[in-house]
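show me how the following folds:
(3 chains)
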Amino acid sequence: MIRVYTKIDLPLAPALYRMEQAGIRIDLAVLDGLSKRFALELERVGERIFELAGRRFNVNSPKQLGEVLFTHMGLPAPMVRGKGKVVSTAQDILEQLAEAHEVPRLVLEFRHLSKLKSTYIDSLPLQADTESRVHTTFQAAATATGRLSSVNPNLQNIPIRTELGREIRAAFVAAPGMQLLSADYSQIELRLLAHFSQDPLLVRAFANNDDIHTLTASEVFGVPAESMDKETRNRAKAVNFGIVYGISPFGLAAQLGIPQAEARAYIDRYFARYQGVKEFIEKTLETARSEASVRTLFGRMRPIPDIQSRNPNQRGFAERTAINTPLQGTAADLIKLAMIALDRKLAEKKLKTRMLLQVHDELVFEVPPEEAAEVETLVRTEMEGVVALRVPLIADLGFGQNWRDL
DNA sequence: CTCCTCACG
DNA sequence: ACGTACGTGAGGAGA
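Below you'll find the predicted structure:
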């Protein structure tokens, strides 16, 4: 671990310091506009919920909401949990109920609006400095895998997955006369899986820069790539994520909303096709058992004490952790090395470009227009060339005035 | 302070 | 029989 410390985490520290000092500019007028829009919409959706439910209550209270949905309204409660809590009002449960009832659909809409308003729209302006910039703290020794974390505020979980949430990214802007540049690694964990496993199908696919989810769909479901629908590709995407997480029939079934037996059949098909991956997982588990730990490509170690547990549940957790950690942890090591190299190059070349954010597989920079061409080449070269693997590393880059449009 | 929920990769 | 997808941080409710 001395090598990990001296080659990665120690030299990263000054780069993180400069990123924290720089901060990123937010457009207060954009957030102010969103706050007013969201307030009106929350009012409208809330009143409609009260109307249909026949009573007024705090929609943000899971306790009160559970009483209204499952006792007062008599909706079926599919999930029974441990003692104390009778029902879950979590998203996946409400999504099932929403197929048949208006109220759970409206509750989901209310929750979405409420989450975005309180966590981002209304809180970020309170944390901005006199130049409207927000400065996160990157915790460098917080996670079990070697990732960074971001606190006060967390700038690693700014919304992007929904259109409504994405609007918030428009409030993250370049300083006057500057541009934002985002550069993210494409499928880095699956590329690392290909590297570690040397699975011929995976290695060949990445060598050709093929769509990996489409490939898995073809292999597992037997559908030709040409006639593939979105739904089939999405199921295969869930399978690929599952592999990286340390797959289980239960987890895959829950994610896809299918019976466990069906999920088990998908997994069996996957391992029949990707035998190198199957062998990689078996070898990784054997090492985890004999060492009671696993390591990243660069030697970063994570103890896995529960790998020998007689409790099957704890052991299952440990096994999935043992599979996931070398992938997630090596990806974390790689982007840290790229950050160290880029921080040094920017200083060496006396560029005005500043590195602002890291979001696990993405880096965000603030770039003066006259440096755009040089920085684009520099960032791509350093990220893709950080280490030579059995498959190519690819970074996707985009410029924009804000974090939504790039 | 804990629990539930949900935002991200 | 048990009961789980991997890694995080933050807000609101309620004790």
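
enumerate the residues of the stretch 1-150 of chain A near DNA strand B.
With Cβ under 7 Å from any atom of the strand as the criterion, the stretch 1-150 of chain A meets DNA strand B at residues A:62, A:81, A:84-85, A:88-91, A:94, A:108, A:111-112, A:115-116, A:119. No exception for glycine: its C-beta is placed from N, CA and C like everyone else's.

and if we set it to 6 Å?
Contact residues, the stretch 1-150 of chain A versus DNA strand B (Cβ under 6 Å from any atom of the strand): A:62, A:85, A:88-91, A:111-112, A:115.

quick check: buried residues in the lengthiest helix in chain A?
In terms of residue count, the longest helix belonging to chain A (DSSP state H) is helix A:312-348. For helix A:312-348, a neighbour-count test (16 or more other Cβ atoms under 10 Å) marks A:316-343, A:345-346 as buried.

out of those residues, who's near DNA strand C?
A:316-317, A:320-321, A:324, A:328.

tell me which of those residues is nearest to residue A:124?
Within these, proximity to residue A:124 (Cβ to Cβ) peaks at residue A:328, which comes in at 27.5 Å.

for that closest one, which non-adjacent residue is closest in space?
residue A:145 (4.6 Å; Cβ to Cβ, 6 or more residues apart in numbering).

what does residue A:143 give?
Nearest one to residue A:143, counting by Cβ to Cβ, 6+ apart, is residue A:149 at 5.7 Å.

my guess is that neighbour contacts residue A:137. True?
No. Applying Cβ atoms under 8 Å as the test, residue A:149 and residue A:137 come out as separate, 9.1 Å apart.

okay, and the common contacts of these two?
Common neighbours of residue A:149 and residue A:137, counting by Cβ atoms under 8 Å, 6 or more residues apart in numbering, are absent.

ok so, going back, who wins for most neighbours among the residues of the stretch 1-150 of chain A next to DNA strand B?
Among these, residue A:89 has the most neighbours (other Cβ atoms under 10 Å), with 23 neighbours.

who touches it in this structure?
Contacts of residue A:89 by Cβ under 8 Å, 6+ apart are A:62, A:65-66, A:69, A:107.

secondary structure for those - can I get that in a markdown table?
Below are the contacts of residue A:89 laid out as a markdown table (DSSP: H, G, I helix; E, B strand; the rest coil):
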| residue | secondary structure |
| --- | --- |
| A:62 | helix |
| A:65 | helix |
| A:66 | helix |
| A:69 | helix |
| A:107 | helix |
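
between those residues, which is closest to DNA strand B?
For the contacts of residue A:89, the residue nearest DNA strand B by Cβ to the nearest atom of the strand is residue A:62; the value is 4.0 Å.

and residue A:318, how far from residue A:349?
46 Å (Cβ to Cβ, to the nearest Å).

as a check, name the ranges of all helices in the stretch 251-400 of chain A.
A:260-273, A:275-291, A:312-348, A:372-384 (DSSP state H, counting those that start in this stretch).
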